[in-house]
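>>> Model the following, please.
(chains A and B)
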Amino acid sequence: MKQRVILHSDMNNFYASVECAHRPEMRGKPVAVGGDEELRHGIVLAKNYIAKATGIRTGEALWQARQKCPGLLVLPPNYPLYLKYAKFARQIYADYTSQIEPFGLDEAWLDVSGEDGIRVANEIRSRFKRELGVTASVGVSYNKIFAKLGSDIKKPDATTLISQSNFKSVAWPLPVEELLYVGRATKTKLHRIGITTIGDLAATPAPLLHSLFGKVGDVLFTFANGLDDSPVMQMDEESLIKSVGNSTTTPRDLTCNEDVKITLFVLCESVCARMREHGFLGRTVAISIRDNALFRFERQCKLNRPSHISREIADAAMRLFSENYSWPRPVRSIGVRCTDLIPSSMPLQLSVFTNEQQRQKQEALDKAVDEVRRRFGHFSIQRACMLADKPLGGINPKGDHIIHPVGFFKDGMVK
Amino acid sequence: MIERRYENENKVYVKVAVVFYPNGRLEPIAFWWENAQRYRIDRVLDVCRAASLKAGGTGMRYTCMVRGHQTYLFFEEDRWFMERR
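Residues are numbered from 1 along each chain as shown, chains lettered A, B, ... in the order given. Sure thing, here's the model as predicted:
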């Protein structure tokens, strides 16, 4: 097979760069984009290089960031603007290939096989600067993993080549945690057995990694040796929705089942409204819980009947919660996700054991609520339970949270 | 969620007269500067997407000849702006 040419483009300090591109008065000053502190979303989402130089890290609390950098300008996020820039970037990519796989808003893989990768990378970078006023780092390689690694090596505004002839000298000396899918836990485990660089990982026998990490071990071996052959998806393939989810850090810690119920209903309504909008039914419901000590876990269950009825999904989520949480600590954030989606137009086996008429009524009710909200606004109609606690019930995840994190294995790790 | 728009003193939103041709092309023919004075655009030399470093933001940038001087006119989605000199 002919060698592929794959680029990974990573827009530097994306949110902060877009803000500075739009607000010349911010340039030359330390800038961070941060969440709303009153709503307890007060963390650093992005920062520019001047702020970075003071040691500020993405994800840390804004008060910590201000301590490190007293003159820090903290700007609230302007997501619609960032989405627009992501679209502009995609328009530029589309001039070179139709194989574009976005990874979050600010990153994307491009398959430009047959072209001179470095030339395309440099051209994309210079167009970003000229047309959008932001910079990108681009990795050029023969597989997606090394391309991504390459885009992290030199920042900002640089092209890095990791080829089959230089990967042992460029990629292998890097710390192992630079590799996609080596998170904190995996890193600790790898360090324990003396694996600290990507080269060490590549030299470790695959069966040993498998015995330690299972499937992930095989994947890590493949990644480290540059053997990943996963394709760059076509733009339209990528847009296939695999799951619909919403999560929120609540305005105050949740301390009882009633609090959780309100929040779950809010989230499930948003998830179900989006499933209805896109014409899906979910067959699996998953919840994720993070307590106030930031311990996080996820649980999921199958539904008896595929559904996008808010009450059914919320009941399943609530059941999962009460079966799996005994309140060792208050809950800080909570998420609901529906996966295993099928088109709602698919013919379904009806059941004699459920009240189909009742389900149809519920569905009609949900759709009516969607319509009322579309015409008169989200808060024009609400469940009574949401009025019991206005701050909790007053979250509108469908309208507020438009950016959802993505994973590399969108289909799960079945290879 | 609605996009927040930023303004600064170097970004001057202006009134522009535009001709829309049947093929979809559009051509600015005049603009009114802050003092309400009308300036005729003699010729459009170039059109491309560009970021405005001085005023901030990005848009379709029209390089125009106006009274013997070259100047930029930016079409930013639904508004036109110019950079203060």
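
>>> How about the contacts made by the nearest residue to residue A:322 once chain neighbours are set aside?
What sits nearest to residue A:322 in space, not counting adjacent residues and going by C-beta to C-beta, 6 or more residues apart in numbering or on different chains, is residue A:257, at 6.3 Å. All C-beta spots, glycine's among them, are computed from the backbone N, C-alpha and C. The contact partners of residue A:257, taken as C-beta atoms under 8 Å, 6 or more residues apart in numbering or on different chains, are A:318, A:321, A:322.

>>> and with 10 Å instead?
Residues near residue A:257 by C-beta atoms under 10 Å, 6 or more residues apart in numbering or on different chains: A:264, A:318, A:321, A:322, A:325, A:327.

>>> Let me know the pLDDT of the last one.
At residue A:327, the pLDDT value in this model is 92.

>>> Grab the nearest non-local neighbour of residue 17.
The chain I'm using is chain A. residue A:134 (4.3 Å).

>>> um, chain B though
In this structure, residue B:17 finds its nearest non-sequential neighbour in residue B:30, 4.4 Å apart by C-beta to C-beta, 6+ apart.

>>> would the one you found count as being in a strand?
Yes: looking at residue B:30 with DSSP: H, G, I helix; E, B strand; the rest coil, it is inside a strand.

>>> For the residue nearest the centre of chain B, which non-adjacent residue is closest in space?
By C-alpha atoms, centre = their mean, chain B has its centre lying nearest to residue B:73, at 2.5 Å. Leaving out its chain neighbours, the residue that sits closest to residue B:73 by C-beta to C-beta, 6+ apart is residue B:62, at 4.4 Å.

>>> I'd like the distance between the residue in chain B that chain A sits nearest to and residue A:26.
Residue of chain B nearest chain A, by C-beta to the nearest C-beta: residue B:51 (2.9 Å). Distance of residue B:51 to residue A:26, computed by C-beta to C-beta, to the nearest Å: 14 Å.

>>> Then residue A:311?
For residue A:311 relative to residue A:26 (C-beta to C-beta), the value is 47 Å.

>>> if we can go back for a sec, who does the residue nearest to residue B:17 bridge with?
residue B:17, residue B:40 (DSSP bridges).

>>> That one: neighbour count?
14 (other C-beta atoms under 10 Å in any protein chain shown).

>>> I figured it hits residue B:67, correct?
No: taking contacts as C-beta atoms under 10 Å, residue B:30 lies outside contact range of residue B:67: 11.7 Å.

>>> can you list residues touching both of those two?
In contact with both residue B:30 and residue B:67: B:39, B:40, B:41, using C-beta under 10 Å, 6+ apart.

>>> how about the host helix or strand of residue A:359 as CSV, C-alpha atoms only?
Using DSSP states H and E, residue A:359 falls within helix A:356-376. Below are the C-alpha coordinates for helix A:356-376, written out as CSV (Å, rounded to 0.1, in the frame of the first residue of the first chain):
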residue,chain,number,x,y,z
GLU,A,356,-48.3,1.4,24.1
GLN,A,357,-51.1,4.0,24.1
GLN,A,358,-49.6,5.6,27.2
ARG,A,359,-46.2,5.7,25.5
GLN,A,360,-47.6,7.3,22.4
LYS,A,361,-49.3,9.9,24.6
GLN,A,362,-46.0,10.7,26.4
GLU,A,363,-44.2,11.0,23.1
ALA,A,364,-46.9,13.4,21.8
LEU,A,365,-46.6,15.4,25.1
ASP,A,366,-42.8,15.7,24.7
LYS,A,367,-43.2,16.9,21.2
ALA,A,368,-45.7,19.5,22.2
VAL,A,369,-43.3,20.7,24.8
ASP,A,370,-40.6,21.0,22.2
GLU,A,371,-42.9,23.1,20.0
VAL,A,372,-43.9,25.3,22.9
ARG,A,373,-40.2,25.9,23.8
ARG,A,374,-39.3,26.5,20.2
ARG,A,375,-41.9,29.2,19.9
PHE,A,376,-41.9,30.8,23.4
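
>>> What sits closest to the residue of chain A found nearest chain B if chain neighbours are left out?
Closest residue of chain A to chain B, C-beta to the nearest C-beta: residue A:133 (2.9 Å). Counting by C-beta to C-beta, 6+ apart, residue B:51 is the residue found nearest to residue A:133 once chain neighbours are left out, at 2.9 Å.

>>> Return the residues in contact with that neighbour.
The contact partners of residue B:51, by C-beta under 10 Å, 6+ apart, come to A:21-22, A:128-134, B:57-59, B:61, B:74.

>>> Tell me the one among these nearest to residue A:219.
Checking those against residue A:219 with C-beta to C-beta, the nearest one is residue A:128 at 31.2 Å.

>>> what sits opposite the residue of chain B closest to chain A in the beta ladder?
residue B:58.

>>> May I have the predicted confidence score for it?
Listed pLDDT for residue B:51 reads 97.

>>> Pull up the gap between it and residue A:134, please.
From residue B:51 to residue A:134 the distance is 8 Å (C-beta to C-beta).

>>> Number of residues surrounding residue A:383?
16.

>>> what is the mean pLDDT for the host helix or strand of residue A:101?
Element membership of residue A:101, judged by DSSP H and E, is strand A:100-103. Strand A:100-103 comes out with an average pLDDT of 90.

>>> Could you give the separation of whatever helix or strand comes next after that strand from the chain centroid?
For strand A:100-103, the following helix or strand on the C-terminal side (DSSP H and E) is strand A:107-111. Averaging C-alpha positions (C-alpha atoms, centre = their mean, to the nearest Å) puts strand A:107-111 16 Å from its chain's average.

>>> Which other helices and strands does strand A:107-111 contact?
strand A:6-11, helix A:79-93, strand A:100-103, helix A:117-127, strand A:136-141, helix A:144-153 (3 or more C-beta pairs under 10 Å, 6 or more residues apart in numbering or on different chains; DSSP states H and E).

>>> re earlier: most neighbours among the contacts of residue A:257, which one is it?
residue A:264 (24 neighbours).

>>> Would you enumerate the residues in contact with that one?
Residues near residue A:264 by C-beta under 10 Å, 6+ apart: A:254, A:257, A:287, A:313-318, A:320-321, A:334-336.

>>> Same check on residue B:34?
B:12, B:13, B:14, B:82, B:84.

>>> can you check residue A:55 too?
A:64, A:65, A:68, A:69.

>>> looking at chain A, which helix or strand is least sure?
helix A:235-238 (a mean of 56; mean pLDDT, DSSP states H and E).
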